[in-house]
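Trainee: got a sequence here, can you build the structure:
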Amino acid sequence: MLIHQFYDKGLAHASYAILSEGMMAVIDPARDPQPYLDFAKHHQGQISTILETHPHADFVSSHLELHQLTGATIYTSRLVGAEYPHQPFDDGDRIALGKVQLEAINTPGHSPDSVSILLLDEQNQPYAIFTGDTLFVGDVGRPDLRENAGNITAKAEFLAKQLYRSTREKLMSLPQHVLVYPAHGPGSLCGRNMGADLHSSIGREINENYALQDMDEGEFVALLMERQPFVPKYFEYDVRLNKKGAKALRASIDAIPSLDYPAVFEAGITIVDGRPQAQFRAGHQPGAIHIPDGLKFETWLGSILAPDERFYLVSTDREALQILVQKVAKIGYEQQIVALVVANGGPSVSAPFELEAFEHNPRDYTVIDIRDPSEVTENPVFDHSIHIPLSKLRENTQQIPVDKPIVVHCAGGYRSAIGASIIAAALPHAVVQDMGIFISDFTPAD
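Mentor: As a prediction, this is how the structure comes out:
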C-alpha cells in the first residue's frame with residue numbers, strides 16, 4: 001500500500017493517491033488531472049476510484065474529467081445531490097481497493113454533506129483517515145460556507161453543532177494511531193488556525209488541537225463562530241460548479257482567445273494585470289486592477305472579481321500568461337476571460353509613494369488600511385487611518401475622501417499593490433500611492 005500527497009501551496013490544498021495491488025484511488029483531486037495520471041503511469045497503476053469528501057468551495061475539482069479520461073467511478077455522499085455520474089458513498093459503505101478498503105464516515109459540520117474516508121489496511125484495521133475539510137492539523141473546518149450554496153444549505157450555528165458531534169462521536173473515537181490526512185494546510189481560508197504540518201494523527205489532534213479540547217457544545221459553537229476569515233466571492237460559485245462537474249481543463253483554457261499588443265480593450269470590461277509591481281507602476285491601462293502573480297494570485301482574483309464578471313488577463317509574455325491562466329482555472333474563472341493580452345506598458349503611471357513627505361506630515365494624507373480586521377486589532381499602526389479590508393474595498397471606495405493624497409497600507413506590500421489599483425480605478429482624479437513599496441522601511445510617527 002502506498003499513500004501519496006499532492007500539495008498546491010497557492011490554495012494550500014492537499015489531495016491524495018492511494019495505491020494497492022496496482023489499483024489506485026484519488027481523493028479530492030485538484031483542477032489539473034495530469035499529476036494523478038502521471039503518478040498512476042509511473043507506478044503502473046490503474047485509477048479505478050475517485051472520491052470527493054464534499055463539494056469544495058475553494059477550488060475546482062477534476063473528478064469529472066478524471067472519470068471521463070479513465071472510466072474510474074466517482075464516489076460522494078448522496079447528500080451532495082451530485083449532477084455527474086457517481087455512486088453514493090455514506091456511513092458504513094466500503095470500497096475494495098486491491099488489498100485495502102475505504103470506508104465512508106459521514107462527518108457533517110464544515111458542510112452538511114461532508115464525508116471522511118477511513119483507510120483499512122491489509123489486516124482490515126484502521127490505518128488512516130482522509131478528513132477533507134472536517135479536521136485539519138491544529139484546526140477544524142469553518143462552518144459558515146454553506147448558508148447559500150449546495151444541494152443542502154444550513155446556518156453556520158447549526159453546522160457548528162454538527163461539527164461538534166462529528167469530531168467527538170466519530171473522529172475522536174478512532175484509535176489514536178490512525179493517521180490524519182486533511183484537504184488543506186496553513187494559509188487556507190477553509191480554517192483559521194491550521195498548523196504547519198500537512199498530516200497528523202488522531203492522538204496528536206486530541207492532545208493539541210484547540211477545537212478538540214474538553215468543552216461543551218455551546219462553548220465549541222461560540223469558539224468556531226468567533227473571528228472566522230472573510231469569504232471570497234468565488235466560494236459559492238465553486239460549490240455549485242463542483243456539484244455539477246467542471247469542463248475539461250485543457251479544452252477550456254485553449255478556447256480563450258489572445259490579443260496582440262497594443263490591444264483595443266472593450267469598454268466596461270475589467271482588466272486584470274498580473275505583471276510585476278515595477279512594470280505596472282511604470283505604465284498600465286487606465287482602470288486596470290493590479291493583481292501581481294504570486295502565491296495567492298488565484299485567491300485574491302476570486303475575492304475581488306465576481307463569478308460572473310468578464311475580464312481581460314494581462315501579463316508580460318505568453319509564458320507568464322499561461323502560468324496565470326492555470327491559476328485562474330483552479331477556481332473556475334477561466335471561462336470569464338475575454339482574452340489574454342501581452343503588455344509592455346500603458347498610458348497610466350502610478351503615483352510614487354512620497355516616503356519623506358509622509359513621515360514628516362502623515363496627517364496630510366488619507367491612509368487606507370486594507371488589512372483584515374484581526375490584523376488591525378492585534379497590530380494597530382495608524383490612529384488616523386480608514387480601515388477597509390481588501391476583500392471589501394472594491395465595493396466601498398466611495399467612502400474614501402479625495403481631498404488629500406491617498407496612501408494604501410497593508411502588512412507586506414502585496415495587498416497594497418492590489419488595493420492601490422482598485423482605488424485608482426474607482427477614483428481616477430485622486431492621487432493614490434502604494435505604501436507597500438517602502439513598507440519594510442517605514443516606522444509610523446507617534
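
Trainee: helices of the stretch 51-200 of the chain, start to end?
Mentor: Remark: helices assigned in the stretch 51-200 of the chain by DSSP state H, counting those that start in this stretch are 63-70, 156-165.

Trainee: who's in contact with the first one?
Mentor: Contacts with helix 63-70, where a contact means Cβ atoms under 8 Å, 6 or more residues apart in numbering, come from 26, 29, 33, 36-37, 46-48, 50, 52, 72-74, 76, 84-85, 242, 245-249. Placement of C-beta: from N, CA and C, glycine included.

Trainee: hmm, which of these are the buried ones?
Mentor: Among the contacts of helix 63-70, those that count as buried by neighbour count (16 or more other Cβ atoms under 10 Å) are 26, 29, 33, 36-37, 47-48, 50, 52, 72-74, 76, 84, 242, 245-247, 249.

Trainee: among those, which are in strands?
Mentor: Among the buried ones among the contacts of helix 63-70, DSSP state E puts 26, 47-48, 50, 73-74, 76 in strands.

Trainee: quick one: residues in contact with the helix or strand containing Leu313.
Mentor: Secondary structure from DSSP states H and E places Leu313 in strand 311-315. Residues from elsewhere that reach strand 311-315 (Cβ under 8 Å, 6+ apart): 259, 263, 265, 269-275, 285, 288, 293, 305, 321, 323-325, 328, 336-343.

Trainee: now, which of these lie within helices?
Mentor: Of the contacts of strand 311-315, the ones assigned to helices by DSSP state H are 321, 323-325, 328.

Trainee: from these, which would you call buried?
Mentor: 321, 324-325, 328.

Trainee: for the residues you listed, which one is nearest Tyr365?
Mentor: For those, the minimum distance to Tyr365 (Cβ to Cβ) is 32.6 Å, reached by Leu324.

Trainee: if I look at that closest one, how far off is Leu119?
Mentor: Distance, Leu324 to Leu119, using Cβ to Cβ, to the nearest Å: 36 Å.

Trainee: shaky segments in the chain?
Mentor: Residues of the chain meeting the criterion pLDDT under 70: 149-153, 437-446.

Trainee: okay, now the domains of it?
Mentor: 2-238, 247-342, 355-441 (automatic domain parsing).

Trainee: to Ser348, which of those lies closest?
Mentor: If we rank the domains of the chain by Cβ to Cβ, the stretch that ends up nearest is domain 247-342, at 4.8 Å.

Trainee: can you give me how far the closest one is from the chain middle?
Mentor: 17 Å (Cα atoms, centre = their mean, to the nearest Å).

Trainee: ends of that domain, what's the gap?
Mentor: One end of domain 247-342 sits 26 Å from the other (Cα to Cα, to the nearest Å).

Trainee: cool, and stretch 208-228?
Mentor: 20 Å.

Trainee: run a quick neighbour tally on the closest residue to Gly191 other than its chain neighbours.
Mentor: Spatial nearest neighbour of Gly191, excluding adjacent residues (Cβ to Cβ, 6 or more residues apart in numbering): Asp139 at 4.2 Å. Close neighbours of Asp139, defined as other Cβ atoms under 10 Å, add up to 24.

Trainee: and Tyr333, by the same measure?
Mentor: There are 26 residues near Tyr333, going by other Cβ under 10 Å.

Trainee: go on, Gln213?
Mentor: Residues within reach of Gln213, counting by other Cβ under 10 Å, total 12.

Trainee: the one 4 residues further on now?
Mentor: As a burial measure, the neighbour count of Glu217 was computed by other Cβ under 10 Å and equals 13.

Trainee: then Val349?
Mentor: Residues lying near Val349 (other Cβ under 10 Å) number 12.

Trainee: could you dump the helices of the stretch 51-200 of the chain into CSV with distance to Met435 and mean neighbour count added?
Mentor: What follows is those, written out as CSV (distance: least, Cβ to Cβ, whole Å; neighbours: other Cβ atoms under 10 Å):
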stretch, distance to Met435, mean neighbour count
helix 63-70, 43, 20
helix 156-165, 35, 20
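
Trainee: mind checking those for the one nearest to Lys233?
Mentor: Among those, helix 156-165 comes nearest to Lys233, with 17.9 Å by Cβ to Cβ.

Trainee: so what touches that closest one?
Mentor: So helix 156-165 is contacted by 108-112, 134, 140-141, 143-144, 146-147, 154, 217, 220-221, 224-225 (Cβ under 8 Å, 6+ apart).

Trainee: how far does that helix sit from its chain's centre?
Mentor: 22 Å.
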